[in-house]
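Asks: Sharing a sequence plus its predicted fold:
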Amino acid sequence: MLEQFEKIGKDAFKDLKKINDPTALEDFRIKYLGRKGQIIQMLSQIGQLPPDQRRTAGQLANKTKKQVTEAFEKLKESLLEARQEKAKEFIDVTLPGKPVNIGKTHVITQTTNELLEIFGRMGFAVAYGPEVEDEWHNYFALNIGPEHPARDPFDAFYIDENTLLRSHTSPVQIRVMERTKPPIRVVAPGRVYRPDTVDATHMYMFHQLEALVVDDGVSMVDMKTTIDQFIRTFFGPDIKWRLRPSFFPFTEPSAEVDLLWTDKHGKQDWMEVAGCGMVDPNVFDAVGIDKEKYTGWAFGFGIERLAMIKYGITDIRLFFENDLRFLKQF
Ligand code: DAH
């Protein structure tokens, strides 16, 4: 009889190992722990044993019952947990979808792309230059001599004696002329850096769009026509702008472009948005282009300024704070 009890216990553990679903678990319960199950039956047989065997048999039967019951409960629990885990994975395809937040290009990137498209249609290629520049490209080749106020080390972020973060995109003109023979017709967008005190219209990093045209017989009229076409395409036909004489070391004559715009109080004023002019012969000398044969014009627009006027943005810092409430409007 004791051997039989032991066998029941062993069989029960063997069966338990095979179970992996609730039906098999219930079958197991009926087979061993149910009212007619083998373990309960086994216990009921103890009374029929001779009195001297009852004690040992009773202990063995109770121990077996306890162990099997415990193992059964444990398995039941882990099966339940597994089922709950599975339920979590279940996808209800009839539920409405969660909204997907798709990012968009930054307003400055959008503006830059728009500018490149407009100039692309006017036959300009796109050129890029490094943001970490040397003094040759940022200053010397652009006819900016050592005494020029822009050469004050406090007016640029220097990395070492000869290397700095470019303070304008004009060095890209030099890089293009060093590697390309005229005719040249390029625009160059990019970041520029200046240690300015930050306020509503100044930032230590901003974007410019540079242009350079070099060819046989290029004149200031070509420059003015191109700027006019561009401004009217970008802002609409009614925009008012003017060329105001100015000075830059790398152009002669030089001018600045002012746009008439309306501030948030409805007040109209001129805002300077670009510098421009005819390429200075000294610049052609620096890059080895024949100044007797070729002429050229160039400009540099401030991209933030263009976007501020177009969209009525009154603080340049908004572009760089990356507040979604601002960015989502574009
Ligand atoms: N590089 C000048 C600046 O950052 C702007 C400029 C003026 C660019 C005249 C030009 C130019 O190409 O011809 O202030």
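Replies: Looks like it arrived, so ask away. Residues are numbered from 1 along each chain as shown.

Asks: Let me see the contact set for the nearest residue to residue 30 once chain neighbours are set aside.
Replies: Leaving aside its chain neighbours, residue 30 sits nearest to residue 37 (6.2 Å; criterion: Cβ to Cβ, 6 or more residues apart in numbering). Just so you know, the C-beta spots here come from the backbone N, C-alpha and C atoms, and that holds for glycine as well. Residue 37 is in contact with 29-31, counting by Cβ atoms under 8 Å, 6 or more residues apart in numbering.

Asks: Same question for residue 186.
Replies: Listed by Cβ under 8 Å, 6+ apart, the contact partners of residue 186 are 124-127, 172, 176, 211-212.

Asks: again, but for residue 36
Replies: Neighbouring residues of residue 36 by Cβ under 8 Å, 6+ apart: residue 30.

Asks: quick one: it and residue 30, what's the gap?
Replies: 8 Å (Cβ to Cβ, to the nearest Å).

Asks: Could you tell me which other helices and strands the longest helix anywhere in the chain packs against?
Replies: Across the chain, the longest stretch assigned as helix under DSSP state H is helix 51-89. If you count contacts as 3 or more Cβ pairs under 8 Å, 6 or more residues apart in numbering; DSSP states H and E, helix 51-89 packs onto helix 2-18, helix 22-28, helix 38-45.

Asks: for those, which one ends up most surrounded?
Replies: Neighbour counts (mean count of other Cβ atoms under 10 Å) averaged over each of those peak at helix 38-45, with a mean of 16.

Asks: The contacts of residue 186: which two are farthest apart?
Replies: 124 and 172 (12.8 Å; Cβ to Cβ).

Asks: and these two? which has more neighbours close in?
Replies: Set residue 124 next to residue 172 and count neighbours by other Cβ atoms under 10 Å: residue 172 wins out with 26 against 21.

Asks: For the more buried one, give me phi and psi.
Replies: Main-chain torsions, residue 172, degrees, to the nearest 10: phi -70, psi -30.

Asks: Name all residues that make contact with it.
Replies: Counting by Cβ under 8 Å, 6+ apart, residue 172 makes contact with 127-129, 186, 188, 190, 210, 212.

Asks: Which single one of those residues is nearest to the ligand?
Replies: The nearest member of the contacts of residue 172 to the ligand, counting by Cβ to the nearest ligand atom, is residue 210 at 5.5 Å.

Asks: Let me know the pLDDT of the closest one.
Replies: Residue 210 is assigned a predicted lDDT (pLDDT) of 98.

Asks: for this protein, what spans make up the helices?
Replies: Per DSSP H, the chain carries helices over the ranges 2-18, 22-28, 38-45, 51-89, 107-121, 135-138, 170-179, 220-235, 281-287, 303-311, 318-321, 324-327.

Asks: Which one of those helices lies nearest to residue 269?
Replies: Distance to residue 269, taken as Cβ to Cβ, is lowest for helix 303-311 among the helices of the chain, at 10.7 Å.

Asks: near the ligand, which residues of the chain show up?
Replies: With Cβ under 6 Å from any ligand atom as the criterion, the chain meets the ligand at residues 168, 170, 210, 248, 251, 275-277, 298-300.

Asks: Restrict the residues you listed to the buried ones and give me that as a PyMOL selection.
Replies: This is the PyMOL syntax for the buried subset of the residues of the chain next to the ligand, where burial follows 16 or more other Cβ atoms under 10 Å:
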select buried, resi 168+170+210+248+251+275+276+277+298+299+300
